[in-house]
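J.: what's the 3D shape of this:
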Amino acid sequence: VQLARLRGAHVIGTAGPHNAEFLRSLGVVPVEHGPGLADRLKAAAPDGIDAFVDTFGQGNVDIAIALGVAPQRINTLADGRAVARYGVRSRAQEDVFTPQLVAELAELVSKGQLTVPISQVYPLEQVQEAYRQVQQRHTRGKIVLSLVPPDERPALAAELRTP
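T.: Prediction:
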């Protein structure tokens with residue numbers, strides 16, 4: 001899923017048609033990826049796109065540049081050549097993933113103001129299977145590795161919910 005923030009703070013996400021309803025459930029406007037993506041993005045964002053996060057590569061940064069997104073407002077996790085070509089960013093959490101941000105996000109989650117969709121939880125021993133799932137690029141939510149044995153998870157979850 002690619003994400004782009006529209007002017008006016010709307011978020012659009014590119015994905016296959018099988019993920020459209022999932023994106024809508026998260027408040028994201030779905031746009032089908034593939035040939036003709038630039039035209040579909042223009043239609044979804046007639047006033048322009050403020051920022052673009054590329055997690056897939058395959059020319060998506062080129063499309064963002066062509067649509068007028070400023071290079072400093074583009075972050076690619078998948079297209080190293082675009083970094084060299086346009087000077088776009090290529091960092092994920094390293095720049096902003098601070099203890100303060102984690103605390104703010106945790107607060108939003110605890111208040112029910114932010115939902116983090118979980119696709120599947122794997123015990124640490126199944127890390128290779130979890131990685132294979134991620135490689136397929138068809139997950140709907142986060143893949144989580146758990147250090148807690150499955151039989152202890154319900155008690156831990158109840159303990160964490162207790163104020």
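J.: what about the helix or strand that contains residue 51, average pLDDT?
T.: Using DSSP states H and E, the element containing residue 51 is strand 49-54. Averaged over strand 49-54, pLDDT sits at 86.
J.: have a look at the protein and report its longest helix.
T.: When the chain is scanned for its longest helix (criterion: DSSP state H), the result is helix 99-110.
J.: now that one, how far from the chain's geometric center?
T.: 17 Å (C-alpha atoms, centre = their mean, to the nearest Å).
J.: tell me the helix or strand right after that helix.
T.: Once helix 99-110 ends, the next helix or strand along the chain (criterion: DSSP H and E) is strand 118-123.
J.: just checking: what are the partner strands of that following strand?
T.: Sheet neighbours of strand 118-123, with direction, are listed as strand 142-146 (parallel) (DSSP bridges).
J.: got the contact list for the helix or strand following the partner strand?
T.: Next helix or strand after strand 142-146 toward the C-terminus (DSSP H and E): helix 153-161. Outside helix 153-161, the residues within contact range by C-beta atoms under 8 Å, 6 or more residues apart in numbering are 146, 148. Where you see a C-beta, it was placed from the backbone N, CA and C, and this is true even at glycine.
J.: list the buried residues in helix 153-161.
T.: Buried positions in helix 153-161, judged by neighbour count with 16 or more other C-beta atoms under 10 Å: none.
J.: any idea which helix or strand of the chain has the worst average confidence?
T.: Lowest on mean pLDDT, DSSP states H and E among the helices and strands of the chain sits strand 2-6, with a mean of 48.
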